[in-house]
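>>> pasting the sequence and the predicted coordinates here, then a few questions.
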Amino acid sequence: MGMPITPATADHRSPNGSADAILLELVDEDGTTIGTAEKLAAHQPPGRLHRAFSVFLFDAAGRLLLQQRALGKYHSPGVWSNSCCGHPYPGEAPFAAAARRTQEELGVSPSLLAEAGTVRYNHPDPASGLVEQEFNHLFVGLVQQSLRPDPAEIGATAFVTAPELAGRHAQDPFSAWFMTVLDAARPAIRELTGPATGW
């Protein structure tokens, strides 16, 4: 008798087993699960609505941690984005996925991670031709450890104040979804960091 298949033990790759064939959870407009699709297929035009998450981590001074996506990534390589983002495995809670990917990508566990609502968007990426049709679960948190970024995922990191972000956003390339998820998370960010930080 084999091990029961649970989100923790399941192999989340599709039968052909390639890295880009990881399965995503498809959802309806209310965020209810309706099936699965391979990661790359879900992002090909016109895109299929799927569950995702975005994490915004801050240091003790209220500065936001940005990551520059590694140049080797097939989707939005080299652009700056929020601290961590990704997709839960089918059946995996978004909170658990956010904590897991933060550890995998940044090498840290947040000292606090709180839900910050959801946002639904449709963002085509002109450079890759891929489409982000996402029902995105937002999280805000604090990071108090030294980062150990995975170079396969992250090219660089930076902690920025709100004014520094505005200047950087005006001159550097950012992910197509960045401002949408940041704006949706702002109420929770202000609650976390306090009004003096300007978020």
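On my side now, so go ahead. Nothing here was measured: the structure is a model prediction, and the numbers come from that model.
>>> the residue nearest to the spatial centre of the chain is in what secondary structure piece?
The chain has C85 as the residue nearest its centroid, 1.0 Å off, counting by C-alpha atoms, centre = their mean. Following DSSP states H and E, one finds C85 within strand 84-86.
>>> who's in contact with that strand?
The contact list for strand 84-86 (C-beta atoms under 8 Å, 6 or more residues apart in numbering) reads 52-55, 57, 67, 97-98, 101-102, 105-106, 136, 177, 181. Quick note: C-beta positions are derived from backbone N, CA and C, even for glycine.
>>> mind checking which of the residues you listed land in helices?
Members of those lying in helices (criterion: DSSP state H): 97-98, 101-102, 105-106, 181.
>>> which among those end up buried?
The neighbour-count test (16 or more other C-beta atoms under 10 Å) applied to these identifies 97-98, 101-102, 105-106, 181 as buried.
>>> the chain: strands as residue ranges?
With DSSP state E applied, the chain shows strands at 23-27, 33-38, 50-58, 64-69, 80-81, 84-86, 112-124, 131-142, 154-160, listed in chain order.
>>> minimum distance to T193: which of the ones you listed has it?
strand 50-58 (5.7 Å; C-beta to C-beta).
>>> next, the angle from that closest one to strand 33-38.
80 degrees (axes from the mean of the first three to the mean of the last three C-alpha atoms, to 10 degrees).
>>> which elements pack onto strand 50-58?
Secondary-structure packing of strand 50-58 (3 or more C-beta pairs under 8 Å, 6 or more residues apart in numbering; DSSP states H and E): strand 23-27, strand 64-69, strand 84-86, helix 94-106, strand 131-142, helix 178-193.
>>> low-scoring pLDDT stretches of this structure, where are they?
Residue ranges of the chain with pLDDT under 70: 1-20.
>>> and if we set it to 90?
Across the chain, residues meeting the criterion (pLDDT under 90) sit at 1-22, 72-77, 124-130, 176, 195.
>>> so can I have JSON lines of the helices and strands packed on strand 50-58 showing distance to I34?
Below are the helices and strands packed on strand 50-58 laid out as JSON lines (distance: least, C-beta to C-beta, whole Å):
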{"stretch": "strand 23-27", "distance to I34": "5"}
{"stretch": "strand 64-69", "distance to I34": "29"}
{"stretch": "strand 84-86", "distance to I34": "20"}
{"stretch": "helix 94-106", "distance to I34": "16"}
{"stretch": "strand 131-142", "distance to I34": "11"}
{"stretch": "helix 178-193", "distance to I34": "23"}
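>>> and S76, which of these is closest to it?
Closest approach to S76 among the helices and strands packed on strand 50-58 (C-beta to C-beta): strand 64-69, 5.6 Å.
>>> tilt between that closest one and strand 50-58?
Using the same axes, to 10 degrees, strand 64-69 lies at 130 degrees relative to strand 50-58.
>>> so strand 64-69 versus strand 154-160, what angle?
Using the same axes, to 10 degrees: strand 64-69 against strand 154-160 is 160 degrees.
>>> packing partners of strand 64-69?
Packed next to strand 64-69, using 3+ C-beta pairs under 8 Å, 6+ apart, are strand 50-58, strand 80-81, helix 94-106, strand 154-160, helix 162-171.
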